[in-house]
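Peer 1: could you look at this predicted model? Sequence included:
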Amino acid sequence: MKKLNNKDLLTYYVNKYSLNSYLNKSLLNSLEIHTFNKNEYLCSLNEKLFYMYFLVHGKYKVTTLLSSGKSLLLCFNTPLSVMGDIEFIENPYADCNVQALEHCICLALPLNKIQEYGYDDPVFLRFIISSLQKKLRRNSSYMSINILSPIENRFASYLLSSLPSNNSKEIFVDIDGINNLSELLGSSYRHLNRVIKNLSDLKIIEKNKNTIKILNLEKLTLLAQDIYKN
């Protein structure tokens, strides 16, 4: 993580996402700019958080750890999403892993400043309630998808959701091994391997070690059904 001291950039993102509608002057003056490189973690499970993050550029994925020790994909987040809105209330320790899929820019609000300037601010609190409500609905939907949707749909959506969000022509997706990916998608290694082979035979994707090349974006999109869409 790197901190940037750029007031013009900070003002740009505050205005772009109308954060002055939700944050009072003291909270706005407390904002910092934090940047994260691709594959860097914004937070890790059980790590103590010191900031609430507003993602204003880039994309990250959120995973959780099951009691079995396996990781499970929860969602992909794009701007404007909030991280730390759950933790700031009473437990400042992260309950998930958040990893940047590309270069991410976040506006960081120190939790101690929220305690000082935000706890009694009804406008800010309504904003937090709205954010939590959206997360609850979304996560309930995603958990149902992880249980009920065929692995073909989940895998296709994972690939599409992992593509750069900046309209890049890049059609390659890096994966951290089939075993890890199968855990994230709630599948077995063999089942996911069969799906990859089938899609490869259909010339929709091409696998090369830990890289997936998308050959037919249109067919993959039809298969994905946007189930991991933010």
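Peer 2: Yep, that arrived.
Peer 1: excluding its backbone neighbours, what's nearest I33?
Peer 2: Spatial nearest neighbour of I33, chain neighbours left out: L4 (4.1 Å); criterion: C-beta to C-beta, 6 or more residues apart in numbering. The C-beta positions use only the backbone N, C-alpha and C, and glycine is treated the same way.
Peer 1: hmm, the one you found is touching V56, no?
Peer 2: No. Checked against C-beta atoms under 8 Å, the pair L4 and V56 is beyond contact range at 11.9 Å.
Peer 1: which one of those two is surrounded by more residues?
Peer 2: V56 (21 against 12; other C-beta atoms under 10 Å).
Peer 1: who does C104 bridge with?
Peer 2: Note on C104: beta-bridge partners F36, judged by DSSP bridges.
Peer 1: for the chain, what's the longest helix?
Peer 2: For the chain, the helix that runs over the most residues, judged by DSSP state H, is helix 122-148.
Peer 1: show me what that helix is packed against.
Peer 2: Helix 122-148 is packed against strand 71-77, with contacts defined by 3 or more C-beta pairs under 8 Å, 6 or more residues apart in numbering; DSSP states H and E.
Peer 1: quick one: contacts of the strand it packs on?
Peer 2: When contacts are defined by C-beta atoms under 8 Å, 6 or more residues apart in numbering, strand 71-77 is touched by residues 55, 59-66, 83, 96-97, 101, 138-139, 142, 146, 158, 161-162, 180, 183-186, 228-230.
Peer 1: what are the pairing partners of the following helix or strand past that strand, and which direction each?
Peer 2: Downstream of strand 71-77, the next assigned helix or strand under DSSP states H and E is strand 81-83. If you go by DSSP bridges, strand 81-83 pairs up with strand 51-57 (antiparallel).
Peer 1: tilt between the next helix or strand after the partner strand and strand 71-77?
Peer 2: The helix or strand immediately downstream of strand 51-57 is strand 60-65, counting by DSSP H and E. Put simply, strand 60-65 runs at 150 degrees to strand 71-77, going by axes from the mean of the first three to the mean of the last three C-alpha atoms, to 10 degrees.
Peer 1: pull out the buried residues from strand 60-65.
Peer 2: Neighbour counts using 16 or more other C-beta atoms under 10 Å place Y60, K61, V62, T63 of strand 60-65 among the buried residues.
Peer 1: in the protein, which helix or strand is least confident?
Peer 2: Lowest on mean pLDDT, DSSP states H and E among the helices and strands of the chain sits helix 122-148, with a mean of 80.
Peer 1: ok, then the element right after that one?
Peer 2: Note on helix 122-148: by DSSP H and E, the next helix or strand toward the C-terminus is helix 151-161.
Peer 1: distance from the next helix-or-strand element following that next one to the middle of the chain?
Peer 2: Next helix or strand after helix 151-161 toward the C-terminus (DSSP H and E): strand 172-174. Put simply, strand 172-174 sits 17 Å off its chain's centre (C-alpha atoms, centre = their mean, to the nearest Å).
Peer 1: ok, strand 172-174: who's next to it in the sheet?
Peer 2: Strand 172-174 has the following strand partners under DSSP bridges: strand 211-214 (antiparallel).
Peer 1: identify each buried residue in the partner strand, please.
Peer 2: By 16+ other C-beta under 10 Å, the buried positions in strand 211-214 come out as I212, I214.
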